[in-house]
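Chemist: Make a model of this:
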Amino acid sequence: MARSLSKDFSPVQLQGIAEMFASLADRSRLTILNTLRNSPAFVSELCRRTGLKQANVSKQLKVLRVAGLVESRRVGNQIQYRVRDPMVFVLCEIVCRRLRRDARRRVAMLQ
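Modeler: Got it, this is the predicted structure:
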């Protein structure tokens with residue numbers, strides 16, 4: 001059973017929530033975040049580790065940066081990216097728990 005929320009969300013909060021979830025609603029962005037989960041990386045490393053093209057990685061990093069999910073710092077002539085707030089992985093784990101629960105229910109229904 002879900003815990004009850006203490007109050008309704010304001011329109012401003014709902015807009016922020018929608019924007020945050022929209023920034024997470026792309027497999028490439030989630031792949032990049034997952035790759036950055038344990039260590040910062042340069043775009044070239046992200047391309048190599050994810051298999052994504054450089055243009056796509058750069059485009060998705062911009063979305064993630066604007067959403068406040070990653071931050072960057074210049075190291076020499078390159079830019080290194082890291083996860084700004086690991087809270088994003090808590091959200092992902094909540095979704096994964098839900099997916100596992102739903103899968104168990106579907107399996108139980110088939111038995």
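
Chemist: How about residue 75: what's its closest non-neighbour residue?
Modeler: residue 42 (7.6 Å; Cβ to Cβ, 6 or more residues apart in numbering). All C-beta atoms are positioned from the backbone trio N, CA, C, and that covers glycine.

Chemist: ok, now which ones touch that neighbour?
Modeler: Contacts here follow Cβ atoms under 8 Å, 6 or more residues apart in numbering; on that basis residue 42 touches 75, 78, 79, 80, 81.

Chemist: got those as CSV, with neighbour count and distance to residue 30 columns?
Modeler: Shown next, in CSV, are these (neighbours: other Cβ atoms under 10 Å; distance: Cβ to Cβ, whole Å):
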residue, neighbour count, distance to residue 30
75, 10, 25
78, 12, 23
79, 13, 21
80, 17, 20
81, 23, 15
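
Chemist: taking the residues you listed one by one, which sit in strands?
Modeler: In strands, defined here by DSSP state E, the members of those are 75, 78, 79, 80, 81.
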